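In: no sequence on this one, just coordinates:
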Ligand SMILES: Nc1ncnc2c1ncn2[C@@H]1O[C@H](COP(=O)(O)OP(=O)(O)OP(=O)(O)O)[C@@H](O)[C@H]1O
């Protein structure tokens, strides 16, 4: 770091000034400037010391000999010869040795027999070349291993090494040691300290993690490449989630946190903050035979959000009915909304039964998605594509397989009870309800499962023909089926017919038999899902670094402009923290030649990444008054930020908490 303000004027003064003349015997004392520089610029302008080396040697010798013989002891005074490091002791003058005729440092007798100097690399014999020479690269910077905050603080409470090695709650390395599996953290100052990760990877003969802090950041262009861009050309959105995905996620989170001001809805059991999810207040009892309402609610037991379905005016007559919900807790399937529990309540001023499900924010029923548009010549209903129909078919078949395997039946397969939770992702949303409501009039399981398959066929026919279930009946179904053949492939129509109509041979239909029939489509759907997964993964890789940058910003935010440390030299504009402040200006407060703010996201992200990686790259930081400039590497800045942040935490008893 070249710091103009750190050039010590004292040092300059020491070198440039003449020693003060001494009053006693100065003429016999060899001037130190002669000793150090070979001459004294003040020789002719008043310097009182001796400038003749020959005279000095003889007189100093005799004086030293005399002093030692007179007093018997050696005293140091202003006339003592200048200090010479002990390594050269054998070659220096020893005033107490009478035989010492060497007056000035000369070669020792061993040195005389030493091999003559030959420059390195030129004409060395094999043996000579192996003799050790000083190589600074061989000496590694000291890096403590298994760093322990408590043991690393001195008695006076200061940290011995004010670097980024202070306790850092953001660093994974500190927790890495307690984790049972080897953790690889490329940002760790010393990856070898992390539970033998290197050995683990070496055994596998695969990737060996780098041995030093990374000298690069991890924004590698994974996923679909874009043509026509130069290697350094990145756009802001390359670093963040695609806008559509971010917006969707944000809207869902918002919906999950929605609350109703002045709500008249009661708390039921341990559920509070009820928000109705029905999009209209039309009472409908088509599916269950009872009116049902759906709410979002927060559990006071675990703080999670659930979906409650209330069946109004239902009187539970048999305790065993409600116990049948337990069976449904065993269904873990991606195409079924998980059922948690059921309980009765009178909090709505009636006798209601509540079913508790997982909450999927902003979901829509298939009816809402496909049948709500008015069908007229200005706004015709859109046809559902064959691919989408196959996707729905595979997902519902997947759900039925899981349900039937556990000796259960879905029972309410209807477009209004199948919800769309993500793009093209559907789930059965009202399982278990009819098992409880119709417990006393229950039918054989096999019949119910056969019904499931027929209802499945009906749902697909409704979607394919854009006909709401209420408009579909036994009379128009065969005609609609015929019309489908004009739009969709033969296998699709054939499979819907297989589901709808009883088999001619009289055999029993099963979901497994259906799955065999559509196996080709299942594979296509699997492939589509894998592509979707790849896309999400590549998005995840983009985002993964942003979490680190955010934490870095938190650190910078906590260090910069701390009012309580205003008078503290360490934190003020004279101390090391000044550099961090100037770095903040460099990253965020750039201005153009007219003094206008320059906002460049690329610059900000680039700087923060380099800081995070602690690269050797140097940047020039200029003070606001343009009077001082510092050239400093990101590595040094990283250390300073780490040390400043560590110091902030040191005084706190709950260090690390809340970050
Ligand atoms: N588990 C769930 N998580 C989040 N939202 C859900 C969940 N289950 C249903 N919903 C939503 O609740 C709303 C009402 O669902 P419901 O099943 O009552 O549909 P509906 O069209 O009102 O049917 P009906 O006419 O039979 O009452 C729908 O928008 C649906 O997407």
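Out: Everything's here; your move. Not measured: the values here are computed from a predicted model.
In: can you give the domain ranges for the chain?
Out: What automatic domain parsing lists as the domains of the chain is 4-82, 155-220+544-659, 263-517.
In: okay, those domains in JSON lines with mean neighbour count, distance to residue 252 and mean pLDDT next?
Out: In this view, the C-beta of every residue, glycine as well, is placed from N, C-alpha and C. Output for those, formatted as JSON lines (neighbours: other C-beta atoms under 10 Å; distance: least, C-beta to C-beta, whole Å; pLDDT from 0 to 100):
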{"stretch": "domain 4-82", "mean neighbour count": "13", "distance to residue 252": "53", "mean pLDDT": "53"}
{"stretch": "domain 155-220+544-659", "mean neighbour count": "15", "distance to residue 252": "19", "mean pLDDT": "69"}
{"stretch": "domain 263-517", "mean neighbour count": "17", "distance to residue 252": "4", "mean pLDDT": "92"}
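In: of all those domains, which one is nearest the ligand?
Out: domain 263-517 (3.5 Å; C-beta to the nearest ligand atom).
In: closest to residue 256 out of the domains of the chain?
Out: domain 263-517 (4.6 Å; C-beta to C-beta).
In: what's the span of that closest one, first residue to last?
Out: One end of domain 263-517 to the other measures 51 Å (C-alpha to C-alpha, to the nearest Å).
In: select the longest helix from this protein.
Out: helix 519-559 (DSSP state H).
In: sorry, back to before: including distance to the ligand, could the domains of the chain go into a markdown table?
Out: What follows is the domains of the chain, written out as a markdown table (distance: least, C-beta to the nearest ligand atom, whole Å):
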| stretch | distance to the ligand |
| --- | --- |
| domain 4-82 | 63 |
| domain 155-220+544-659 | 28 |
| domain 263-517 | 4 |
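In: can you put those domains in CSV and add distance to residue 532?
Out: Shown next, in CSV, are the domains of the chain (distance: least, C-beta to C-beta, whole Å):
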stretch, distance to residue 532
domain 4-82, 57
domain 155-220+544-659, 19
domain 263-517, 9
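In: still on that earlier bit, who touches the following helix or strand past the longest helix of the chain?
Out: From helix 519-559 onward toward the C-terminus, using DSSP states H and E, the following helix or strand is helix 577-588. Residues outside helix 577-588 that contact it (C-beta atoms under 8 Å, 6 or more residues apart in numbering): 556, 559-561, 570-573, 603-604, 607-608, 611, 619, 621-624, 630, 632, 636-637, 640-641, 644.
In: immediately after helix 577-588, which helix or strand?
Out: Per DSSP H and E, the first helix or strand lying C-terminal to helix 577-588 is helix 601-613.
In: what pairs with the helix or strand following that following helix, parallel or antiparallel?
Out: Later in the chain than helix 601-613, the nearest helix or strand by DSSP H and E is strand 618-622. Using DSSP bridges, strand 618-622 pairs in its sheet with strand 629-633 (antiparallel).
In: between the partner strand and helix 601-613, how big is the angle?
Out: Strand 629-633 runs at 60 degrees relative to helix 601-613, counting by axes from the mean of the first three to the mean of the last three C-alpha atoms, to 10 degrees.
In: next, the angle from strand 629-633 to helix 577-588.
Out: 80 degrees.
In: which helix or strand lies directly C-terminal to strand 629-633?
Out: Counting by DSSP H and E, what follows strand 629-633 is helix 634-650.
In: that next one to helix 601-613, inter-axis angle?
Out: 70 degrees.
In: per-residue confidence for the residue in the stretch 101-250 of the chain that the ligand sits nearest to?
Out: As assessed by C-beta to the nearest ligand atom, the ligand sits closest to residue 248 within the stretch 101-250 of the chain, at 14.9 Å. Listed pLDDT for residue 248 reads 90.
In: buried stuff in the host helix or strand of it?
Out: If you go by DSSP H and E, residue 248 is part of helix 243-257. Across helix 243-257, burial judged by 16 or more other C-beta atoms under 10 Å covers 252, 255.
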